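> This is the structure alone, sequence omitted:
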């Protein structure tokens, strides 16, 4: 049974998503892994509600030359990537173009990592229960590469949790993870932002602020 009410904003979406993740509350082996930038406010709300650690996983879509919105794949920090074979074949895109695009995006990711992780080293995923969170899911390209990165980092269990998704996109994800949670799969879907009253862009400063706040709150809750 899916919800149908629009979300007020990303924090509201995260709070409502956390209600479906109660089984993971208070567990030290659980890590919420938010996809910047829009997934971070959602992930922050989930992590606070569950009282678990928050971290980020940077991913970038690999856009088709001349049409950046059309994904031919996606790449994550560390160089893990997935490709949309059907798009590459249909548009006859050579691997040299793919590799050059991936290299540029990898450089962008390295810059973002430096900005976001000024005082927050990456959390260890090995042996952890990882809940990958974003503000929504359309084609699923970036989520697929996030799943692959978590698997290669030897996460013990991978859960994907999103407030809203295209039905085809979430079906593609379900077969790749231990559990997939989605509150809404509206038809027609159109775009993630249509299902939020406030879908303003999340800034880099907000990402850093939320990571700092999450870390400080965790430190305060640790026993002396």
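On my side now, so go ahead. In this text, all values refer to a predicted model and were calculated from it rather than measured experimentally.
> Okay, strands next: where are they in the protein?
Using DSSP state E, the strands of the chain run over 30-34, 53-56, 59-64, 67-76, 81-83, 129-133, 157-164, 179-184.
> Could I get those in TSV, plus columns for distance to residue 151 and mean neighbour count?
C-beta: built from backbone N, CA, C; applies to glycine. Shown next, in TSV, are the strands of the chain (distance: least, CB to CB, whole Å; neighbours: other CB atoms under 10 Å):
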stretch	distance to residue 151	mean neighbour count
strand 30-34	12	27
strand 53-56	16	24
strand 59-64	14	22
strand 67-76	11	19
strand 81-83	11	21
strand 129-133	9	28
strand 157-164	7	24
strand 179-184	14	19
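> Of those strands, which is nearest residue 196?
Residue 196 sits nearest to strand 157-164 of all those, at 8.2 Å, using CB to CB.
> and that closest one, what does it pack onto?
For strand 157-164, the packing partners by 3 or more CB pairs under 8 Å, 6 or more residues apart in numbering; DSSP states H and E come out as helix 10-18, strand 129-133, helix 141-152, strand 179-184.
> So for residue 110, which of those sits nearest?
Residue 110 sits nearest to helix 141-152 of all those, at 14.7 Å, using CB to CB.
> Need the contact partners of the closest one.
33, 35, 57, 59-61, 71, 73-78, 80-82, 84, 125, 130, 132, 134, 137, 158, 160, 162, 169, 172-173, 176-177 (CB atoms under 8 Å, 6 or more residues apart in numbering).
> Give me the distance between that helix and the centre of its chain.
Helix 141-152 sits 9 Å away from the centroid of its parent chain (CA atoms, centre = their mean, to the nearest Å).
> average model confidence for it?
The average pLDDT within helix 141-152 is 94.
> buried sites along that helix?
For helix 141-152, burial by neighbour count (16 or more other CB atoms under 10 Å) applies to 141-150.
> check contacts around residue 42.
Residue 42 makes contacts with 10-11, 13-14, 17, 34, 133-135, 163, as judged by CB under 8 Å, 6+ apart.
> packing partners for the helix or strand of the chain with the lowest mean pLDDT?
Counting by mean pLDDT, DSSP states H and E, the chain has its least confident helix or strand at strand 67-76, which shows a mean of 87. The contact analysis (3+ CB pairs under 8 Å, 6+ apart) places strand 67-76 against strand 59-64, strand 81-83, helix 85-91, helix 95-116, helix 141-152.
> of all the ones you listed, which lies closest to residue 188?
Of these, nearest to residue 188 by CB to CB is helix 141-152, at 19.9 Å.
> Would you confirm that residue 215 contacts residue 120?
Yes - Residue 215 is within contact range of residue 120, at 6.2 Å (criterion: CB atoms under 8 Å).
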